[in-house]
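**Q** kindly generate the corresponding structure for this input.
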Amino acid sequence: MKKAEDEIYKVISRYLSMKYPELVFRFDYAAGLYMSFAQSKKHSSINTIKGYPDLFIAKPNRGYCGLFIEIKTESAAPFKKDGTLKKNEHSERQNLIMAQLKASGYYATFGVGLKKCIQLIDWYLE
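**A** Model (predicted):
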């Protein structure tokens, strides 16, 4: 699953760099890396928030301070067919963090699949 998300990250990164060359953005890639025990403890001690979104676009637009996207593959979509969030601790935690970001003035959402993520980014930036 992580490998499929990694591919989406790569395509989005190239897309952003080409279409919006002056844009400042960052992926929270370290959360998915395999680390030694010592590295993992250090990472956890300085990154205490679990559920932080995968991508941050540091550009105020559309009345928001910036854009956060929690990227999911289509096979790992966090929603049921009726649009409600699936019951699992990981997605629920991510949803909670995004609610906190929204309350702070950011646009924060799940992006499911490459096509939807790019549509969301273009909507936000244009």
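
**Q** and the pLDDT for the closest residue to Ile49 other than its chain neighbours?
**A** Counting by Cβ to Cβ, 6 or more residues apart in numbering, Ile97 is the residue found nearest to Ile49 once chain neighbours are left out, at 6.5 Å. Every residue, glycine included, has its C-beta placed from N, CA and C. The predicted local confidence for Ile97 comes out at a pLDDT of 96.

**Q** so which bits of the helix or strand that contains Ile97 are buried?
**A** In this structure, Ile97 sits in helix 89-103 according to DSSP states H and E. Under the neighbour-count criterion of 16 or more other Cβ atoms under 10 Å, helix 89-103 has Ser91, Gln94, Asn95, Ile97, Met98, Leu101 buried.

**Q** so where's the chain shaky on pLDDT?
**A** Within the chain, the set of residues satisfying pLDDT under 70 comprises 1-2, 30-33, 43, 47-48.

**Q** which stretches in it count as strands?
**A** In the chain, the segments counted as strands under DSSP state E are 25-27, 55-57, 67-72, 107-112.

**Q** quick revisit: contacting residues for the residue nearest to Ile49?
**A** The contact partners of Ile97, taken as Cβ atoms under 8 Å, 6 or more residues apart in numbering, are Ile49, Lys50, Gly51, Tyr52, Pro53, Ala108.

**Q** dump the residue contacts of the closest residue to the fourth one other than its chain neighbours.
**A** The spatially closest residue to Tyr52, leaving aside those adjacent along the chain, is Asp28, at 5.4 Å (Cβ to Cβ, 6+ apart). If a contact means Cβ under 8 Å, 6+ apart, then Asp28 has Tyr52, Pro53, Asp54, Leu55, Phe56 as its contacts.
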